[in-house]
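Asks: return atomic coordinates for the entry below.
(one chain, ligands or ions: 1)
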Amino acid sequence: MLDEHEIIDMLKLRGKDQEELFAKARKERQRVFENRVVLRGVTEIGNTCRVNCEFCPMRRENTRDNATFLADEKTLIESAEDIKDSGINVVFFQAGEIPQTTRVVGSALPTITKMFDGDVEILLNLGNKKRSEYEWLREQGATSYIIKHETSDPDLNLRMRHETLESRLKCMSDLLELGFKVGSGGIIGLPGQTLESIARDIILARDMGIHMCSFSPFVPAPETPLAHLAPGDVDTTLNALAASRLVSPDWLIPSVSALAKNRKDGQKSGYLAGANVMTVNFTPKRDSERYLIYGKNRFVVRPGYGSGLLAELGLVPGRSVFAGKEALPEFA
Ligand code: SF4
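Replies: Numbering: from 1, shown residues only. As a prediction, this is how the structure comes out:
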């Protein structure tokens, strides 16, 4: 089992040593998933948030100045139809953290599950909620949930999110106990963050027993208190992805669009470093322009973009490994 020091050493690698790290990570990905990259179809369903994260343009203090929206049940169902038509069976709904999303998402899920004839994974990223709300969402058909710890350093977490790490981990435990497949992860390049802290992010995710893990480079977004800072280091982020693959070979690890925001071929490099998830965006254009997660000029992966990139890398787009007809027996 890899320890903190070994992970720190991996995070520092560059040049030929970094290539070797990536090759090892790809080998592990191939062993568990062969050349399958799971495609997720995401719809961003609301851009208001009760939390005030320092790095996020959708933070509470910006609500007054942002053009806000919350999708209704009909929009969710229409998006799921578009996702189904494109051959993807991971329906992913994501929003800022507000209580109203529980009702709108939960109400739409039975129709969506029926639409796919059960051959679907419903993945949510709606933030901290009460255990009873998670329980209801699970009963309505939700399969999986992303709840990133962002940083495992409790002080930094409090400074960046104005929330306790403990409250986040409690939600993660609730979700795991309720049978969700759970995703976590962190941001690389937060002010004051150390390599030790990033290594502990990976160890925390492993120790929590989660199923998916992602790392994104910090993006200094406009209209945030951190707008003036330098972006997170892409190489360290890629090394964190590769180290994650070696720590837990069976994790789903996305190559996130923020990698492409900070470096032109960043997302491609994510797959070279062992990632195996691609998120394709199905948010209606009117809402997508208002979903300001990295500011207005974010890079959005639209249907059609992904297959070319994957083919170039000898990878193939795949369906859910957690649910539906092509789930892997060891994951279902
Ligand atoms: S990162 Fe998430 S929880 Fe934090 S302010 Fe943005 S939407 Fe809200």
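Asks: check contacts around the closest residue to Ser197 other than its chain neighbours.
Replies: Nearest residue to Ser197, sequence neighbours excluded (Cβ to Cβ, 6 or more residues apart in numbering): Asp153, at 4.6 Å. For glycine as for every other residue, the C-beta is placed from the backbone atoms N, C-alpha and C. Asp153 sits next to 165, 193, 197, 200 when contact means Cβ atoms under 8 Å, 6 or more residues apart in numbering.
Asks: near the ligand, which residues of the protein?
Replies: Proximity of the chain to the ligand (Cβ under 6 Å from any ligand atom) is limited to residues 49, 51, 53, 56, 58-59, 96-97, 127.
Asks: which of the residues you listed sit farthest apart?
Replies: Arg59 and Gly127 (12.6 Å; Cβ to Cβ).
Asks: overlap in contacts of those two?
Replies: 49, 51.
Asks: show me which residues of the one helix or strand Ile83 maps to are buried.
Replies: Following DSSP states H and E, one finds Ile83 within helix 73-85. For helix 73-85, the neighbour count (16 or more other Cβ atoms under 10 Å) marks 73, 75-76, 78-80, 83-84 as buried.
Asks: which strands and helices sit next to it?
Replies: strand 36-46, strand 90-95, helix 100-115 (3 or more Cβ pairs under 8 Å, 6 or more residues apart in numbering; DSSP states H and E).
Asks: where's Gly183, which helix or strand?
Replies: Per DSSP H and E: strand 181-188 holds Gly183.
Asks: give me the most central residue, the chain.
Replies: For the chain, the residue nearest the mean C-alpha position is Ser214 (5.6 Å; Cα atoms, centre = their mean).
Asks: surely that residue meets Lys148?
Replies: Yes. Assessed by Cβ atoms under 8 Å, Ser214 is found in contact with Lys148 at 7.2 Å.
Asks: show me where this protein has helices.
Replies: 4-12, 15-33, 73-85, 100-115, 131-140, 154-161, 165-177, 195-208, 234-247, 257-262, 266-272, 285-288, 305-312 (DSSP state H).
Asks: what helices or strands is the shortest one leaning on?
Replies: Based on contacts counted as 3+ Cβ pairs under 8 Å, 6+ apart, the elements that helix 285-288 packs against are strand 36-46.
Asks: and the angle for the strand it packs on with helix 15-33?
Replies: With axes from the mean of the first three to the mean of the last three Cα atoms, to 10 degrees defining the directions, strand 36-46 sits at 90 degrees from helix 15-33.
Asks: now the angle between helix 100-115 and strand 36-46, please.
Replies: Going by the same axes, to 10 degrees, strand 36-46 makes 130 degrees with helix 100-115.
Asks: C-alpha coordinates for strand 36-46, PDB please?
Replies: Taking C-alpha atoms only, strand 36-46 is exported to PDB below (Å, rounded to 0.1, in the frame of the first residue of the first chain):
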ATOM      1  CA  ARG A  36     -13.200   1.800 -21.600                       C
ATOM      2  CA  VAL A  37     -13.700   5.400 -20.700                       C
ATOM      3  CA  VAL A  38     -17.100   6.000 -18.900                       C
ATOM      4  CA  LEU A  39     -19.100   8.800 -20.500                       C
ATOM      5  CA  ARG A  40     -21.300  10.900 -18.200                       C
ATOM      6  CA  GLY A  41     -23.900  13.300 -19.500                       C
ATOM      7  CA  VAL A  42     -24.100  16.300 -17.200                       C
ATOM      8  CA  THR A  43     -26.800  18.800 -16.900                       C
ATOM      9  CA  GLU A  44     -26.200  21.800 -14.700                       C
ATOM     10  CA  ILE A  45     -29.600  22.500 -13.100                       C
ATOM     11  CA  GLY A  46     -29.100  25.500 -10.800                       C
END
